[in-house]
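Participant: Please work out how this folds:
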Amino acid sequence: MKLIFLKPFLITAFTAIAFILSSIDLYADIIPESSDTLTATYKLHGQTRRFKYVFHNMPDGGIKLDWSIVRNLKLWTGSYVMTRQAVRHGDSLSYLMPEDGNHITLDDSETFGIISADALANLKDKGETIINGILFKKIDVSPTTNVIHARDNAEGANIWILDNPRLPLILKMTDNPIEINWTLSFLFPSDAQNIGICQMNPTERELVK
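Facilitator: Okay, the predicted model is just below:
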């Protein structure tokens, strides 16, 4: 199933960058076939980088993220591959920064920029999930934006997840003890709606600014 965007949208990220289904065959329905290009701006240790991302559905059920960036008038490119196992059951986020020419297949436990189907399902159904060995508990769910807010009560990190099993984007992270935090924002309100964020009032729109 293809995740359709009506027009490209801008994602701005600060400080770096599922449903559990009863039938294995149904997992194909939760993975985007491909997305429009996403633009991400990262600020880490005073440096700013702007990457372009495209997520692709792979025939084996994994997800491939192609990235590119222009640095010193040169186009850098690379990719991350998330395995079928990771897309379904992963419980760790990769914080590995892109390097020119690197085409990396992540571990079966790792995802990049999204959480796994199981992690999303656990947040929704059990109210908690494990990410990088840390227990995150659901704090609230916005009824109008389809965003789940969870917190690591031990170290204080907060995370906001898009409740869209086709592409459970990590919209925002704050207070991360390893100091990798980011916020996603959209250039056009309709872009947020196209990936599953419902109509927002001004206060709720702050979640994706």
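
Participant: which secondary structure elements does the longest helix seen in the chain contact?
Facilitator: For the chain, the helix that runs over the most residues, judged by DSSP state H, is helix 117-125. With contacts taken as 3 or more C-beta pairs under 8 Å, 6 or more residues apart in numbering; DSSP states H and E, helix 117-125 sits against helix 84-89, strand 128-131, strand 134-141, strand 147-151. Bear in mind the C-beta positions are built from the backbone N, C-alpha and C, glycine included.

Participant: Need the contact partners of the longest one.
Facilitator: The list of residues contacting strand 134-141 from outside it, by C-beta atoms under 8 Å, 6 or more residues apart in numbering, reads 123-124, 127-130, 147-155, 157-159, 163.

Participant: for the last one, same thing?
Facilitator: The contact list for strand 147-151, computed with C-beta under 8 Å, 6+ apart, reads 120, 123-124, 128-129, 136-142, 157-163, 171, 197, 204, 207-208.

Participant: May I see the buried residues of the next helix or strand after that strand?
Facilitator: Later in the chain than strand 147-151, the nearest helix or strand by DSSP states H and E is strand 158-162. By neighbour count on 16 or more other C-beta atoms under 10 Å, the buried set for strand 158-162 is 158, 159, 160, 161, 162.

Participant: which one of those sits closest to residue 64?
Facilitator: Ranked by distance to residue 64 (C-beta to C-beta), those are led by residue 162 at 19.4 Å.

Participant: can you tell me how far the closest one sits from residue 146?
Facilitator: 7 Å (C-beta to C-beta, to the nearest Å).

Participant: cool, and residue 86?
Facilitator: In terms of C-beta to C-beta, residue 86 sits 23 Å off from residue 146.

Participant: more crowded one of these two?
Facilitator: residue 86 (25 against 18; other C-beta atoms under 10 Å).

Participant: Touching, residue 49 and residue 69? I think so.
Facilitator: Yes. In this structure, residue 49 is within contact of residue 69 by C-beta atoms under 8 Å, at 6.2 Å.

Participant: now for the helix or strand containing residue 55, which elements pack on it?
Facilitator: Per DSSP H and E, residue 55 falls inside strand 47-57. Contacts defined by 3+ C-beta pairs under 8 Å, 6+ apart place strand 47-57 against strand 38-44, strand 63-71.

Participant: Neighbours of residue 140, how many?
Facilitator: 10.

Participant: and the gap between it and residue 150?
Facilitator: Distance from residue 140 to residue 150, by C-beta to C-beta: 9 Å.
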